Each structure stands twice: as structure tokens, then as C-alpha cells.
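Asker: What follows is a predicted structure for the sequence shown.
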Amino acid sequence: MAAGIAITLDELVQRFGGEVVGQGTHRVDNLAPLDKAGPTHLAFLANQKYLPQVESTHAGAVLISPVDLDKLNKRDGSNFIVTPNPYAYFARVAQAFIELAAPKAVPGVHPTAYVDPAAKVATSAVIGPHVTVEAGAVVGERVKLDAGVSVGRGVTLGDDVHLYPNVTVYHGCKLGARVIMHAGAVIGADGFGFAPDFVGEDDERTGSWVKIPQVGAVDIGEDVEIGANTTIDRGAMADTVIEANVKIDNLVQIGHNCRIGTYTVIAGCAGIAGSTNIGRHCMIGGAVGIAGHLTLADHVIVTAQSGVSKSLTKAGMYTSAFPAVPHADWNKSAALVRNLDKLRDRIKALETARGEREGDKSGGT
């Protein structure tokens, strides 16, 4: 944080809510963990196992819940901001500190940028070096386009959108207000659609894959954040839709004509095939693979590295990945799995033999 920027606890409470216990005039200038914080730092407690650190911390103040505050054996002389959700409060304060410390962007168009005369760009927007804004694009108030961003023809960017360096938004796509997209993300590339046109079998097979035009777009709602190098494909005919408040990590692939419900979060390296509908408030773990044309109900959680090949129609947690085990144990388990079909046949044979013996006994009575 920039030197000399500090804020009192009373000012934080006035802005974000909560209640000060201690000296509201105490100033803090940054955030820090409980065990590393100093007198000008604001720390937070979100996990009860760190409760003892609250009593020994040197932090100028601690964000804490009312329940955890009551559990403290020692709190004399300490400062607290009491709030039901210290972790969310911490996130909001961190944003405020960054906002205070960051140099203010100056509206305008960099000399190396190209803005088509047929584009509409708000005077409050910041257009960085080597940015391209094509004809028919609409760039809203206070939009910030960092170096190398490409905005295609007919794209709409809502107010306060921030596109980090080298983001590409293809033609016709829409981004709602306050969307954030990190470096290298690509929105609206063609969906993976090809029709097979082959004749013959095996080595005699001839023909080709015929590309299916992708004439839909991508429609992204308000307050969505998209990680670096994530790709969201445009629809074949209808749009791919990312609803409001969705949060998507780095290196995620979302196929054409998918719909992601509001407040859903998707962790890094997940892949979602085309025409899949994911509900609201879902959590998709890292490296999850979801097949196409499926539906996931609201409040579904899929744990990391799971594969989803069928629709999940009820809320709950789903796992298909095998947890990490020592290599030798895995080899034993793999050997058992390979022989499950033989074990099944033996069990069936034993059941059949037992049934025949029981039938003989009953016939002889």
C-alpha cells in the first residue's frame, strides 16, 4: 500500500458496517495475517483454530464475529471490528485499500490505440496502448481496456468493465456492468462444431469434417469475473450465457451454448462441453470435466478432478475422482479393478450352483 494512506476503524465501520470494540480512532494502513500483523495492520479471524492467535497478535485491530469475540479469554486493550462475516469484510476492505493506493486512471485514448469511427466510446473510458475497438462496438462509462485488448465489431461493454492485457472479445458479444476479465481470456471464439461427412470404413474411409457456422454470441451478466486464459465459446445459433455474479478461474473452457447460473463458481482447468446447463449457486472444482448436453441442478458441488457424464438433477456434493494414495496401494487397487469382471462371473456361478443344490433338496423332500 502507498505510504501515508491510512483509515480509522470508525471510517471503516461507516463505510462497511459492523461495530468497533476499542478505539475507533485507531488508524490502519494495510491487512496482514494474525501472526505477522503489526500495530498499523488490520487482521481477521475466519477459522476458529486460529482463535489463540487473536490473543497474542500485535495487530492494530482484528475483524471478528460476535460469537468468536465472546470466546476470547483476553481482549483488554485490543481493538476489534465485530461483523457476522469477517472474511467477506476483509475482502471489501482489501478492495478499498487497493483503490486508495492505485494511481488514478486518466480517461482517454492512447495514441497507439485504434478506435473505429463507427464505435461509441464513453469519454470516461480509459483505452490503453495498442487496443483495438472495431466498428459498432459500444464502450460504457469508466471502462478500462488495458494494453493489447481487442474488442470486436458490435461488442457491448457495460459500465465499469475492466479488461486486462490481451483480452479478446469477438464480434457481437455482450458484457454487463463491472465485468472483470484477466489477461489472455478469449470470449466468443467459434464453438467446436463440425458435421461428419465420411463414406467407407477403416482405411478406405474418405470425406471430411464440415464446419458448422457459429452465429450465436456470448452474453455475460453483471459482476462476472473471468480468469486469465479462460475461453468461452460463442453459440452455434443461440447465445452462450454466463449469468450475473458468476466467478470463473484461470484456464477454464466453456463450450458453445452452455448456460452458467448466477453465483456459480468454477475453479481452474475445468472443462465444460457444449450445450450444458449449470444451475445457480453451484461449485465446480478444479480440473472437473463435464460432458455436453447435461443439466446440473442448483446448489450442486462437483469436487476436483471429477468427471460428470450424466445430468445431476438433485442438489448435493458429487465426486468421481480417486483420492491420492501411495503408489503401491494404487497398483493393488488397479489390479483388483481389472479383475472385477472375473470376480463377478465367479459370484454368479456360485449363486447358480447354490440355487441348483437348493432346488435338488426341495425336489427330494
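Answerer: Yes, it's here. Residues are numbered from 1 along each chain as shown.

Asker: So for stretch 292-303, what gets flagged as buried?
Answerer: In terms of neighbour count (16 or more other C-beta atoms under 10 Å), stretch 292-303 has its buried residues at 294, 296, 297, 299, 300, 301, 302, 303. Just so you know, the C-beta spots here come from the backbone N, C-alpha and C atoms, and that holds for glycine as well.

Asker: need the helices for this protein, in chain order.
Answerer: Listed in chain order, the helices of the chain (DSSP state H) span residues 9-16, 51-56, 66-71, 86-101, 327-338, 340-363.

Asker: and residue 224, which of these is closest to it?
Answerer: Closest to residue 224 of the helices of the chain is helix 86-101 (C-beta to C-beta; 16.5 Å).

Asker: Pull out the buried residues from that closest one.
Answerer: Here helix 86-101 shows 86, 89, 90, 93, 97 as buried, counting by 16+ other C-beta under 10 Å.

Asker: Report the rounded mean pLDDT for it.
Answerer: Confidence over helix 86-101 (mean pLDDT, whole number) is 90.

Asker: now the angle between helix 9-16 and it, please.
Answerer: With axes from the mean of the first three to the mean of the last three C-alpha atoms, to 10 degrees as the basis, helix 86-101 and helix 9-16 are set at 100 degrees to each other.

Asker: Can you name every helix or strand that helix 86-101 contacts?
Answerer: If you count contacts as 3 or more C-beta pairs under 8 Å, 6 or more residues apart in numbering; DSSP states H and E, helix 86-101 packs onto helix 9-16, strand 30-31, strand 41-44, strand 61-64.

Asker: Bridged to the residue nearest to the spatial centre of the chain, which residues?
Answerer: Most central in the chain under C-alpha atoms, centre = their mean is residue 248, positioned 2.4 Å from the mean C-alpha point. Beta-bridge partners for residue 248, by DSSP bridges, are residue 226, residue 266.

Asker: That one reaches residue 266, doesn't it?
Answerer: Yes. Counting by C-beta atoms under 8 Å, residue 248 touches residue 266, with 4.8 Å between them.

Asker: Now for residue 203, how many residues are close by?
Answerer: 6 (other C-beta atoms under 10 Å).

Asker: Number the chain from 39, please
Answerer: In the new numbering, first residue 39, that becomes residue 241.

Asker: so how far is residue 232 from it?
Answerer: Applying C-beta to C-beta, to the nearest Å, the value for residue 241 to residue 232 is 21 Å.

Asker: Could you work out the most separated pair of the buried residues of helix 124-139?
Answerer: Based on C-beta to C-beta, the longest span within these runs between 124 and 135 and measures 15.9 Å.

Asker: Pipe the buried residues of stretch 330-341 into CSV and attach distance to residue 56 and pLDDT per row.
Answerer: As requested, these are exported to CSV (distance: C-beta to C-beta, whole Å; pLDDT from 0 to 100):
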residue, distance to residue 56, pLDDT
332, 42, 98
334, 36, 98
335, 35, 98
337, 29, 98
338, 33, 98
339, 30, 98
340, 34, 97
341, 34, 96
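
Asker: Report the contact partners of residue 208.
Answerer: Counting by C-beta atoms under 8 Å, 6 or more residues apart in numbering, residue 208 makes contact with 190, 193, 224, 225, 226, 227, 255, 256, 272.

Asker: Correction: the previous question concerned residue 203.
Answerer: Each residue near residue 203 by C-beta under 8 Å, 6+ apart is listed here: 166, 184, 185, 186, 187, 221, 222.

Asker: Give me the pLDDT for the fourth one.
Answerer: Spelled out, it's residue 186. Turning to residue 186, the model gives it a pLDDT of 98.

Asker: The one 10 residues further on now?
Answerer: Per-residue confidence at residue 196 stands at 98 (pLDDT).

Asker: Count the neighbours of it for me.
Answerer: 20.

Asker: from memory it sits against residue 215, does it?
Answerer: Yes. Judged on C-beta under 8 Å, residue 196 makes contact with residue 215 at a distance of 3.8 Å.

Asker: Now the common contact residues for those two.
Answerer: Counting by C-beta under 8 Å, 6+ apart, the common neighbours of residue 196 and residue 215 are 178, 260.

Asker: what does stretch 43-55 rub up against?
Answerer: For stretch 43-55, the external contacting residues (C-beta under 8 Å, 6+ apart) are 56-58, 60-67, 78, 80, 99, 117, 119, 121, 127, 130-131, 134-135, 138-139.

Asker: Quick one: buried ones out of the residues you listed?
Answerer: 56, 58, 60, 62, 64-67, 78, 80, 99, 117, 119, 121, 127, 131, 135.

Asker: Residue 105 versus the nearest residue to residue 128 once chain neighbours are set aside, what's the distance?
Answerer: Excluding the flanking residues, the one nearest residue 128 by C-beta to C-beta, 6 or more residues apart in numbering is residue 82, at 4.3 Å. Separation of residue 82 from residue 105 (C-beta to C-beta) stands at 14 Å.

Asker: The two: which is more packed in?
Answerer: Using other C-beta under 10 Å, the more surrounded residue of residue 82 and residue 105 is residue 82, with 28 against 10.

Asker: burial measure for residue 116, as a count.
Answerer: Neighbour count for residue 116, taken as other C-beta under 10 Å: 18.
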